[in-house]
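1. Quick one: sequence and predicted model below, then my questions.
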Amino acid sequence: MRNQLIAVLTSAALGMGGLVAAVPASAATVESTSTTPSAVRPTTALTRANLEYSRSGNQWTFKVTYTCAFNTAELSHNYEWQATIKLWDDDPVSSDHIATKVQTIRPGPGQTTVKKTVTFTLPRTAVDKDNPDQNEEIFAGIRLKNISTEGKEFKITTRNYSIRA
């Protein structure tokens, strides 16, 4: 239910028709993809978010990959963008924040799409907060903001992925 609400709210905020999730059978990956034709897309958008994970001993590694799509008119201004990437543990009442990383993006001339990756390496105790030895529902949220103009924010989330912490 929570994912459906986020997908609807994210779609509405981005002016999208919806999000489509795909889970490759060979990898622990969850992906959200815009189905909006480029002619209707807002001037800038987050069009794809992907979460992958692995565990080695007591360390978790989460890799979040996302794609930003920029309008060519905005590129001519050489704006600087800030992406805030957060990992969350989804809970019925309120989600638990796990970790945050911030990236600065300055697309080059004519670079209408930028694909970025951020990696979180965390101890098991950071992920296994409230349900010791039970499954955790992990997802990532990405927020993109034009910090040159303090303009509109764009947001997207991955779908939840159940892991055994």
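-> Looks like it arrived, so ask away. Computed from a prediction, not measured in an experiment: that's the story for all the values here.

2. Where does the prediction get shaky in this structure?
-> 1-43, 92-93, 129-134, 161, 164-165 (pLDDT under 70).

3. For it, which segments are assigned as strands?
-> Applying DSSP state E to the chain gives strands spanning 19-22, 29-34, 44-56, 59-70, 81-89, 96-105, 113-123, 135-146, 153-157, 161-164.

4. could you dump those to CSV with mean neighbour count?
-> Backbone N, C-alpha and C define where each C-beta goes, glycine included. Below are the strands of the chain laid out as CSV (neighbours: other CB atoms under 10 Å):
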stretch, mean neighbour count
strand 19-22, 15
strand 29-34, 21
strand 44-56, 19
strand 59-70, 20
strand 81-89, 20
strand 96-105, 14
strand 113-123, 14
strand 135-146, 21
strand 153-157, 21
strand 161-164, 14
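
5. OK, contacts around the closest residue to residue 112 other than its chain neighbours?
-> Closest residue to residue 112 apart from its sequence neighbours, by CB to CB, 6 or more residues apart in numbering: residue 70 at 5.4 Å. Contact partners of residue 70, counting by CB atoms under 8 Å, 6 or more residues apart in numbering, are 43, 44, 107, 111, 112, 113, 114.

6. Could you measure from the residue nearest to the second one when sequence neighbours are not counted over to residue 46?
-> Yep, that's residue 44 we're talking about. In this structure, residue 44 finds its nearest non-sequential neighbour in residue 70, 5.3 Å apart by CB to CB, 6+ apart. Noted for residue 70: a distance of 11 Å to residue 46, by CB to CB, to the nearest Å.

7. any chance of the contacts of residue 70 in a markdown table, plus distance to residue 128?
-> Listed next are those as a markdown table, based on distance: CB to CB, whole Å:
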| residue | distance to residue 128 |
| --- | --- |
| 43 | 41 |
| 44 | 36 |
| 107 | 38 |
| 111 | 39 |
| 112 | 40 |
| 113 | 36 |
| 114 | 33 |
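
8. Closest one of those residues to residue 85?
-> Distance ranking of those against residue 85, using CB to CB, places residue 114 first at 13.8 Å.

9. thinking the closest one is in contact with residue 75, fair?
-> No. Counting by CB atoms under 8 Å, residue 114 stays clear of residue 75, with 10.5 Å between them.

10. what residues do those two have in common as contacts?
-> Taking CB under 8 Å, 6+ apart as the contact rule, residue 114 and residue 75 both touch residue 107.
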